[in-house]
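Visitor: build me a model:
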Amino acid sequence: MEKVLKFLKNRWFLLGISFLSLFYVIFVAELVRISFTCYIKINNFNSFFALYLFINFLFGVLMFFTRKQIPTIITSIATLFLSAALPITAFGEWYLVIPPIIVSFFIFLLSGAGESCKVVLGTIAMLIIVVGTLAYSFFYNNLGISLYFVITDQEIDFSIRNEDYLVSPNGTYRLVKYVDESDDRTTTIYYVENAAEDEEYPFVDCYKVYGCRHILSTIYSQTAPPRWVNDDNLFIDGRVRSMEELFSDEPVDTEQTSDTTAEESEDTEDTEETE
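Guide: Numbers count the residues shown, from 1 in each chain. Reported below is the predicted structural model:
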């Protein structure tokens, strides 16, 4: 038993194990990316949250026992500031935000970093989290300005997202409807998302929202519901929209798109009636 304990306390063994802590940097960085670019749909919250807590706890224990090693010190500093971004990228999803922040601050304060470094960097990180979150909360709740709006010039409120999606036949694109019932009227907003870039993890699906395209906003009930003409063309609001042109970097001439694809839509309808 003494030999085992001696081996576990060996500085070279601890140094080697401490490199595993770098995976926590990747984990938190991916969490920041996904929380900003995707709509997170949890299929089983209890199982997901238990797994999420276990991952954070596991890395926390690993970094605690290697807290004096350089790789762990680097990890503690990196995750300290990465986790400080979570209250903004995952604003409102506090079950995602709190565990990494607790682990990051706990390990950073116990790490082998110098006391001056802890005071300076810890204070900066705390100010980013507290002041940044309060300021962001004010702009988001009172002015409707979010980080996503600043970067993409599109405001998407997941709370009014309708999860009854209309997916293209080949599964590449997804038409998503948002129903806004504020200001004493109902506004329906449609976006097209690239479903091919969705990501799946245990107990959770991440629908790619970043890079989506706004396609229609209306206050009227449509007589003809949207439908996919084929894999790349969507019939909506009385015309056909091409996904190839919609997702291109060049401006789309919607009138020309409607004229050039209307015949294809009519041919498809005739074929369906014949069958």
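
Visitor: what lies in contact with stretch 38-48?
Guide: 34, 93, 96, 158, 161, 163, 198-199, 202-210 (Cβ atoms under 8 Å, 6 or more residues apart in numbering). For glycine as for every other residue, the C-beta is placed from the backbone atoms N, C-alpha and C.

Visitor: endpoints of that stretch, how far apart?
Guide: 17 Å (Cα to Cα, to the nearest Å).

Visitor: which SS class is Y210?
Guide: coil (DSSP: H, G, I helix; E, B strand; the rest coil).

Visitor: give me the buried subset of the contacts of stretch 38-48.
Guide: 34, 96, 161, 198, 203-204, 206-210 (16 or more other Cβ atoms under 10 Å).

Visitor: quick one on the thing from earlier: helices - which of the contacts of stretch 38-48 land there?
Guide: 34, 96 (DSSP state H).

Visitor: okay, buried residues for the helix or strand hosting V131 please.
Guide: Per DSSP states H and E: V131 is located in helix 115-142. Residues of helix 115-142 classed as buried under the neighbour-count rule (16+ other Cβ under 10 Å) are 118, 121-122, 125, 128-129, 133, 136, 140.

Visitor: would you map the strands across the stretch 51-200 of the chain?
Guide: Under the criterion DSSP state E, counting those that start in this stretch, strands of the stretch 51-200 of the chain are mapped to 161-167, 173-180, 187-194, 199-201.

Visitor: who does the third one pair up with?
Guide: Paired strands of strand 187-194, with direction, are strand 173-180 (antiparallel), strand 213-218 (antiparallel) (DSSP bridges).

Visitor: dump it to CSV, keeping only the CA atoms.
Guide: This file holds the C-alpha atoms of strand 187-194, laid out as CSV (Å, rounded to 0.1, in the frame of the first residue of the first chain):
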residue,chain,number,x,y,z
THR,A,187,-45.8,37.9,-35.6
THR,A,188,-44.5,34.7,-37.2
ILE,A,189,-40.9,34.7,-38.1
TYR,A,190,-39.3,31.9,-40.2
TYR,A,191,-35.7,31.0,-40.4
VAL,A,192,-33.9,28.3,-42.4
GLU,A,193,-31.1,26.5,-40.6
ASN,A,194,-28.4,24.1,-41.9
